[in-house]
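# give me a 3D structure for the following:
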Amino acid sequence: MKLAKKLLLFACILTLCLGFTLTAQAADRQFKKQTVFFKEGQSKSLTLLNSETTPEVLYYDADSALFSYQVKGASSIRITANRPGIDYITVKNDGENISCCLVILPKNNPAVKTRVTKKGNTVVTYKKARVVLPPAWKKYGYVLLPHEDSISFCSKTSYRSGYYGTVFTIAWCSEEEYADRASYLPNFRFLKRSGGLVYYIELPTDVQFHPEKAKCQRHYNALEKTVKSIRKTFRVKAAPNPASSK
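Model prediction:
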């Protein structure tokens with residue numbers, strides 16, 4: 001009888017220990033790094049901790065995602081950063097959903113030209129659009145995200161924390177398209193008409209900096225205060241006169 005009680009007690013202890021072990025493993029089932037930095041075009045392997053089954057990637061849309069991936073096993077996923085921006089990869093692993101933030105920095109774009117003046121201002125030219133950034137932008141750091149018909153100016157501190165940190169965007173489109181956009185864009189200002197295009201500045205309507213990091217907010221606010229002065233520097237580079245080239 002005493003032996004039976006001892007065996008029962010041993011079985012209970014073993015069950016409790018096993019339960020604690022499995023719970024601890026489930027709690028630690030996550031990506032080794034919660035945020036991973038890439039350069040546009042770069043590939044890296046993400047490591048899953050305490051993973052015993054092949055992870056299933058969730059919510060992935062190849063057309064809109066900024067990255068492509070290849071599951072290499074139970075604990076490794078190979079990521080290729082295709083376009084700059086911030087994206088997330090979420091996987092289902094042993095019944096749990098876990099995510100990793102992918103921060104993709106843009107590679108050097110020859111169409112984006114920057115020049116620092118003697119006064120510390122930074123002249124940014126993209127396609128025909130040009131603005132002048134005051135010294136605060138060089139001091140706090142920024143990221144430029146060029147697109148086909150726009151360029152976004154972001155706070156570097158916020159961007160690297162997993163938030164875009166978009167301070168403003170310069171965009172352009174046809175007269176017809178502008179009339180349509182004006183009906184739904186929440187916060188924008190007209191800049192100029194030139195060469196059949198309308199140029200405007202678009203401002204964010206939601207929080208762009210990491211709300212739990214005072215440094216991100218401080219840097220973002222310092223850059224945001226300069227937007228009005230930057231708007232006044234906006235210029236459109238005139239097309240060359242065909243007659244002058246003859």
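
# could you use CA atoms for every contact and neighbour count after this?
Noted.

# any idea which helix or strand carries the residue nearest the centre of the chain?
Residue closest to the average C-alpha location in the chain (Cα atoms, centre = their mean): I86, at 2.3 Å. I86 is located in strand 85-93, with elements delineated by DSSP states H and E.

# and the helices in this structure?
Using DSSP state H, the helices of the chain run over 2-27, 135-140, 156-159, 175-181, 214-224, 227-232.

# lowest average pLDDT across these?
The minimum mean pLDDT among those belongs to helix 2-27 (a mean of 41).

# domain parsing for the chain?
As given by automatic domain parsing, the domain ranges for the chain are 31-105, 112-239.

# tell me the contacts of the residue nearest to the centre of the chain?
Each residue near I86 by Cα atoms under 8 Å, 6 or more residues apart in numbering is listed here: 66, 101-104, 162-164.

# quick check: the two most widely separated of those?
Spatial extent of the contacts of I86 (Cα to Cα) is set by the pair L66 and Y163 at 15.0 Å.

# who has more neighbours, these two?
Applying other Cα atoms under 10 Å to L66 and Y163 shows that Y163 carries more neighbours, namely 23 against 20.

# tell me which helix or strand of the chain sits lowest on mean pLDDT?
helix 2-27 (a mean of 41; mean pLDDT, DSSP states H and E).

# so where's this structure shaky on pLDDT?
Applying pLDDT under 70 to the chain flags the ranges 1-29, 239-246.

# please repeat the previous calculation with a cut-off of 90.
Residues of the chain meeting the criterion pLDDT under 90: 1-30, 51-53, 93-96, 207, 210, 237-246.

# which residues does the residue nearest to the centre of the chain bridge with?
Assessed by DSSP bridges, I86 has beta-bridge partners V103.

# could you check how far the closest residue to N187 other than its chain neighbours is from V124?
Using Cα to Cα, 6 or more residues apart in numbering and skipping residues adjacent in sequence, the residue nearest N187 is L203, 5.5 Å away. As judged by Cα to Cα, to the nearest Å, L203 and V124 stand 18 Å apart.

# same check, this time on K215
From K215 over to V124 (counting by Cα to Cα), the distance is 25 Å.

# more neighbours: the two, which one.
Shown here are K215 and V124; by other Cα under 10 Å, V124 has more neighbours (17 against 14).

# ok, that one touching V112?
Yes. Using Cα atoms under 8 Å, V124 makes contact with V112 at a distance of 7.1 Å.

# between these two, which contacts overlap?
In contact with both V124 and V112: no residue, using Cα under 8 Å, 6+ apart.

# for C173, give me its contacts.
C173 makes contact with 149, 197-199 under the criterion Cα under 8 Å, 6+ apart.

# PyMOL command to pick out the buried ones of the residues you listed?
The buried residues among the contacts of C173 can be selected in PyMOL (16 or more other Cα atoms under 10 Å) with this line:
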select buried, resi 197+198+199
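
# can you pull the contacts of the closest residue to V124 other than its chain neighbours?
With Cα to Cα, 6+ apart as the criterion, V124 has its nearest non-adjacent residue at 4.6 Å, and that residue is T114. By Cα under 8 Å, 6+ apart, the residues touching T114 are 122-125.
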